[in-house]
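Colleague: sharing a sequence plus its predicted fold:
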Amino acid sequence: MELKINQQTKKFNAESLSVQSLLDLEIPHKQNGIAVAVNNTVVPKLKWNEFFVQETDEILIISATQGG
């Protein structure tokens, strides 16, 4: 499966991936304070386990930062 994550094309050896599975692979230790959008649609955190990405989807992972 080929996905575009934050403007970078990546390949995965899986036929299907939930958003949660994808995050477990990409950022296993930094999942607090992030938001995920698939094809410009935000996926609520409660739906991460049941929302499956498709071949060529564009995923945006945004992490909140502190600062001023």
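Modeller: Yes, it's here. The structure presented is a predicted model; accordingly, all values stated were derived computationally and were not measured.

Colleague: count the neighbours of K30 for me.
Modeller: Applying other C-beta atoms under 10 Å, we find 11 residues neighbouring K30. For the C-beta atoms, the positions are set from N, CA and C on the backbone; glycine is no exception.

Colleague: residue boundaries of the strands in the protein?
Modeller: Assigned by DSSP state E, the chain shows strands spanning 2-5, 8-11, 17-18, 34-38, 41-43, 52-53, 58-63.

Colleague: shaky segments in the protein?
Modeller: 67-68 (pLDDT under 70).

Colleague: again, only this time at 80
Modeller: 65-68 (pLDDT under 80).

Colleague: can you tell me how far K47 is from I27?
Modeller: 18 Å (C-beta to C-beta, to the nearest Å).

Colleague: should've said N13
Modeller: Distance of N13 to I27, given as C-beta to C-beta: 18 Å.

Colleague: export the strands of the chain to TSV and tack on mean neighbour count?
Modeller: Output for the strands of the chain, formatted as TSV (neighbours: other C-beta atoms under 10 Å):
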stretch	mean neighbour count
strand 2-5	15
strand 8-11	10
strand 17-18	18
strand 34-38	16
strand 41-43	13
strand 52-53	18
strand 58-63	15
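
Colleague: just to revisit the earlier point, more neighbours: N13 and I27, which one.
Modeller: Higher neighbour count among N13 and I27: I27, with 12 against 5, using other C-beta under 10 Å.

Colleague: give me every residue that touches the more buried one.
Modeller: For I27, the contact set (C-beta atoms under 8 Å, 6 or more residues apart in numbering) comprises I34, I61.

Colleague: roughly how far does it sit from W48?
Modeller: 12 Å.

Colleague: not counting sequence-adjacent ones, nearest residue to G33?
Modeller: A64 (4.1 Å; C-beta to C-beta, 6 or more residues apart in numbering).

Colleague: report how many residues lie close to that neighbour.
Modeller: 8.

Colleague: hang on, it packs against I34?
Modeller: Yes. At 7.2 Å, A64 counts as touching I34 under the criterion of C-beta atoms under 8 Å.
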